[in-house]
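Asker: Take a look and give me a structure for this.
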Amino acid sequence: MDIRVGDVLVMKKPHPGCGSTRMKVMRVGADFRLTCAGCGHSFMIPRSKCGKKIKSVLRDENATEE
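Answerer: As a prediction, this is how the structure comes out:
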């Protein structure tokens, strides 16, 4: 799955703190750093675990690729 910095991930289950299902990708590597779109909580999750929890990926197609 191709995930880049700036993408918004729609998760299968809501965030326990606020109920939002959207997470913004802040860092990509062996781990992802995600920030909750609802409450702003930032956390790291392994790529293998995160891949199973993603429902869809929202990407701004107008953004320039580097």
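Asker: Which residues does stretch 40-50 contact?
Answerer: For stretch 40-50, contacts defined as Cβ atoms under 8 Å, 6 or more residues apart in numbering pick out 9, 15, 17-18, 26-27, 29-36. C-beta: built from backbone N, CA, C; applies to glycine.
Asker: Buried only: go through these for me.
Answerer: Among these, those classed as buried by 16 or more other Cβ atoms under 10 Å are 9, 15, 32-36.
Asker: show me where the chain has helices.
Answerer: Using DSSP state H, the helices of the chain run over 47-53.
Asker: returning to what we had before: out of the buried ones among the contacts of stretch 40-50, name the ones that lie in strands.
Answerer: Counting by DSSP state E, the buried ones among the contacts of stretch 40-50 place 9, 32-36 in strands.
Asker: Now the two most distant members of the contacts of stretch 40-50.
Answerer: Cys18 and Ala30 (26.9 Å; Cβ to Cβ).
Asker: what's the model's confidence in stretch 29-44, averaged?
Answerer: Averaged across stretch 29-44, pLDDT comes to 93.
Asker: Just the terminal-to-terminal distance for it.
Answerer: 11 Å (Cα to Cα, to the nearest Å).
Asker: got it, and stretch 43-60?
Answerer: From its first residue to its last, stretch 43-60 covers 22 Å (Cα to Cα).
Asker: hey, what's Leu58 bridged with?
Answerer: Judged by DSSP bridges, the bridge partners of Leu58 are Val8.
Asker: Tell me the confidence at it?
Answerer: pLDDT, Leu58: 92.
Asker: Would you confirm that it contacts Val10?
Answerer: Yes. Assessed by Cβ atoms under 8 Å, Leu58 is found in contact with Val10 at 6.5 Å.
Asker: Which residues lie in contact with Arg5 in this structure?
Answerer: Slight slip there: residue 5 is Val, not Arg. The contact partners of Val5, by Cβ under 8 Å, 6+ apart, come to 25-28.
Asker: repeat that with 10 Å
Answerer: 24-28, 32-33 (Cβ atoms under 10 Å, 6 or more residues apart in numbering).
Asker: Would you check how far apart it and Ala30 are?
Answerer: Applying Cβ to Cβ, to the nearest Å, the value for Val5 to Ala30 is 15 Å.
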